[in-house]
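K.L.:
Return atomic coordinates for the entry below.
(chains A and B)
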Amino acid sequence: MISFFSNLLSANAELAITIVKIGLLLFIVLTVNAYLTWFERKVVAHMQSRWGPHRTGPHGLLQPLADGVKFLFKEDPTPAGVDKFVYYLAPLMALALALTAIALIPFGPDPIRLFGHDIYLGIAPPDVNIGILALFAITAMSVYGVALAGWSSNSKYPLLGGLRSSAQMISYELAMTMSVVGVLLMAGSFNLKKIIEAQAHHPEWGIAGWNIWPQLLGFFCFFVSAVAETNRVPFDLPEAESELVAGFHTEYASFKFAMFFIAEYTSMITVSCLCTIMFFGGWLSPFPASWTFAHYLPSAILIPFGLWVIWDGLRYETIFGRIILPGIGTAIAGLGAILVFLPGVNLFIQGPFWLLSKILVFLFIYVWMRGTLPRFRYDQLMAFGWKLLLPLSIVNVIATSFIILAKMTWWAK
Amino acid sequence: MTAPLIVFFVLAALAVIGAVSLIFQKHPIHSALSLIVVMIALAGLYLLLGAEFVAAVQIIVYGGAIMVLFVFVIMLLNAGVEEHTSISKMAGPAGLLLVIALAGLVAATIVRSTDSILGTMQTGEMSSPSGVSKTLGISNMIFKDFVYPFELTSFLILVAVLGATVLAQREKS
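P.N.:
This is a model prediction of the structure:
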């Protein structure tokens, strides 16, 4: 029996590795999602001079756990007169598509060599020829989750929310797709890895070599339309609670509502990944390649942070504060210490470290916008998308093409 | 049975089931959803043939843009369950003839190109000309070899868009 399984494993090692990776990434993404809600509530609260969640565990750190349990145990009524099949399909579709998009993101440049197999960080192999196109394909499909939820609920507010959402996503998808053409022209590929490598063309330039400088206009168009695509503030008209109760998910309760919620936060992560990869150099360090002392930056951040977590945890007289938080702190500080003493591991961790830090910055910007900006009016939203973003992104495409053409004709010699 | 062949049959079955369901569903939204299944299954088939660019475009344009518009319009008009009218008596025999003719045509095409289909199934992808990437090949075709027909088609679409805008415009009093 055991030999049967080991034979099966060695015959399908790639498959087994992929399945393990899927499970691991799913766990990480869902945990990050849960703590993203905590992060959002905490940051918005501090922006508004409040404390945010602080009762459940130190700093309210157990709040996501409590929310998760609550989602699972709430009653899950199905309203009368809904279209049953579509009503159940919609949240599934929203969540599945959002999670699939994450699978295409490469999280690091180098593979880990384990049991004789090169294991890349990220589920898809790093050389997906149509990486960015596949991501757009998934984004294009994700309208359905919201639109179908609104329609199938058989209620007027969700229907209005679903309609608004479809109109908004159709409008902003154009600008979003046009705005990345500049980046694709500069990289000459749809491959996410090649897009990042194209930004490391001059290793000594560091941050100056990233796409954000030549593609500032493209980045503006992309980020704004991506925020609109994810239905976040200030483009959250589909769920404008003052007008539509809760928009498309008014009639959803319990875990089906949680699925929409997780889908929204997962798309936030995907958009942050995309911004980072296309405009901010992905896993590249902002420092010139010759500054090798910058490689100790992860340790320099992890060790003090770990120590602070230990010190902070010991102030609480609970199990979580006395045991778990110091444990986590020790793990973090220990990781930092390992990185100092093992240069090979340290070199490997550079890529994921920079990628994740940049993603975190974008997630903060998302929350920051939510704490700052008021919602658009519907006509403003449409005018902004069609009359400003779309023309701007087309101008960006034309300008980039001409500059690349000029470079090829005159400067290439 | 090789893995690509299994995937092919799964996708082909999905496409056929989706197409049949598209016709037999009573509600327009269900029909639209069935059509989306067909589109995605087709994209999977293109991917199986090694045409990754066409597969992505299939999903973005057909699965995404066009079908979203369909669903949007159906939702906007709040279309209900279709009414079935009694069809013309002539429709049956004529339709049967057409179905047989189409099936014959498809069968003839399959028989004539059996060799290339078998080759595709064994290698899992089409032979690409001179090793260039398929996306590059497509763009060379569109923007070099057939640039004038391509631009003319774009112009035609632009005219259609303008026409639709004029027709949809509110009358000025």
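
K.L.:
nearest residue to the residue of chain B found nearest chain A other than its sequence neighbours?
P.N.:
Residue nearest to chain A within chain B: B:Gly64 (2.5 Å; Cβ to the nearest Cβ). Where you see a C-beta, it was placed from the backbone N, CA and C, and this is true even at glycine. Closest residue to B:Gly64 apart from its sequence neighbours, by Cβ to Cβ, 6 or more residues apart in numbering or on different chains: A:Ala140 at 2.5 Å.

K.L.:
Now do the helices in chain B.
P.N.:
B:3-24, B:28-48, B:52-57, B:67-77, B:91-112, B:114-123, B:134-140, B:147-168 (DSSP state H).

K.L.:
can you put the ones you listed in TSV and add distance to A:Leu373?
P.N.:
Converted to TSV, those look like this (distance: least, Cβ to Cβ, whole Å):
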stretch	distance to A:Leu373
helix B:3-24	42
helix B:28-48	34
helix B:52-57	33
helix B:67-77	27
helix B:91-112	56
helix B:114-123	52
helix B:134-140	38
helix B:147-168	32
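
K.L.:
Just give me the lowest mean pLDDT stretch among those.
P.N.:
For the helices of chain B, mean pLDDT drops lowest on helix B:114-123, to a mean of 60.

K.L.:
Whichever strand or helix holds the residue nearest to B:Gly64 vs helix B:67-77, what angle?
P.N.:
If you go by DSSP states H and E, A:Ala140 is part of helix A:131-141. Here helix A:131-141 runs at an angle of 10 degrees relative to helix B:67-77 (axes from the mean of the first three to the mean of the last three Cα atoms, to 10 degrees).

K.L.:
list the buried ones in helix A:131-141?
P.N.:
For helix A:131-141, burial by neighbour count (16 or more other Cβ atoms under 10 Å in any protein chain shown) applies to A:Gly131, A:Ile132, A:Leu133, A:Ala134, A:Leu135, A:Phe136, A:Ala137, A:Ile138, A:Thr139, A:Ala140, A:Met141.

K.L.:
Counting by contacts, list what whichever helix or strand comes after that helix packs against.
P.N.:
Where DSSP H and E defines the elements, the next helix or strand beyond helix A:131-141 is helix A:143-152. Helix A:143-152 is packed against helix A:84-103, helix A:156-179, helix A:254-279, helix B:28-48, helix B:67-77, with contacts defined by 3 or more Cβ pairs under 8 Å, 6 or more residues apart in numbering or on different chains; DSSP states H and E.

K.L.:
What distance do you get for the residue nearest the centre of chain B to B:Met67?
P.N.:
For chain B, the residue nearest the mean C-alpha position is B:Met39 (5.8 Å; Cα atoms, centre = their mean). Distance from B:Met39 to B:Met67, counting by Cβ to Cβ, to the nearest Å: 7 Å.

K.L.:
A:Tyr172 now?
P.N.:
On the measure of Cβ to Cβ, A:Tyr172 and B:Met67 end up 18 Å apart.

K.L.:
Next: A:Lys21.
P.N.:
On the measure of Cβ to Cβ, A:Lys21 and B:Met67 end up 31 Å apart.

K.L.:
tell me the pLDDT at whatever residue of chain A ends up closest to chain B?
P.N.:
Nearest residue of chain A to chain B: A:Ala140, at 2.5 Å (Cβ to the nearest Cβ). pLDDT recorded at A:Ala140 is 83.

K.L.:
ditto for A:Ala101
P.N.:
89.

K.L.:
just to revisit the earlier point, please say which of A:Lys21 and B:Met67 ends up with more neighbours.
P.N.:
Neighbours were tallied for A:Lys21 and for B:Met67 using other Cβ atoms under 10 Å in any protein chain shown; the higher tally belongs to B:Met67 (23 against 17).

K.L.:
is it true that that one touches B:Ser34?
P.N.:
No - if you go by Cβ atoms under 8 Å, B:Met67 and B:Ser34 don't touch, sitting 10.5 Å apart.

K.L.:
is it true that B:Ala32 touches B:Val68?
P.N.:
No - using Cβ under 8 Å, B:Ala32 is not in contact with B:Val68, being 9.6 Å away.

K.L.:
what secondary structure does A:Met113 sit in?
P.N.:
Quick fix: residue A:113 reads Arg, not Met. Counting by DSSP: H, G, I helix; E, B strand; the rest coil, the backbone at A:Arg113 sits in strand.

K.L.:
how near is the closest residue to it other than its chain neighbours to A:Leu356?
P.N.:
Spatially, and ignoring its direct neighbours in sequence, A:Arg113 is nearest to A:Ile119 (7.6 Å; Cβ to Cβ, 6+ apart). For A:Ile119, the distance to A:Leu356 (Cβ to Cβ) stands at 18 Å.

K.L.:
more neighbours, those two?
P.N.:
A count of neighbours by other Cβ under 10 Å puts A:Leu356 above the other of A:Ile119 and A:Leu356, at 18 against 15.

K.L.:
If anything else comes up later, I'll come back, but that's it for now.
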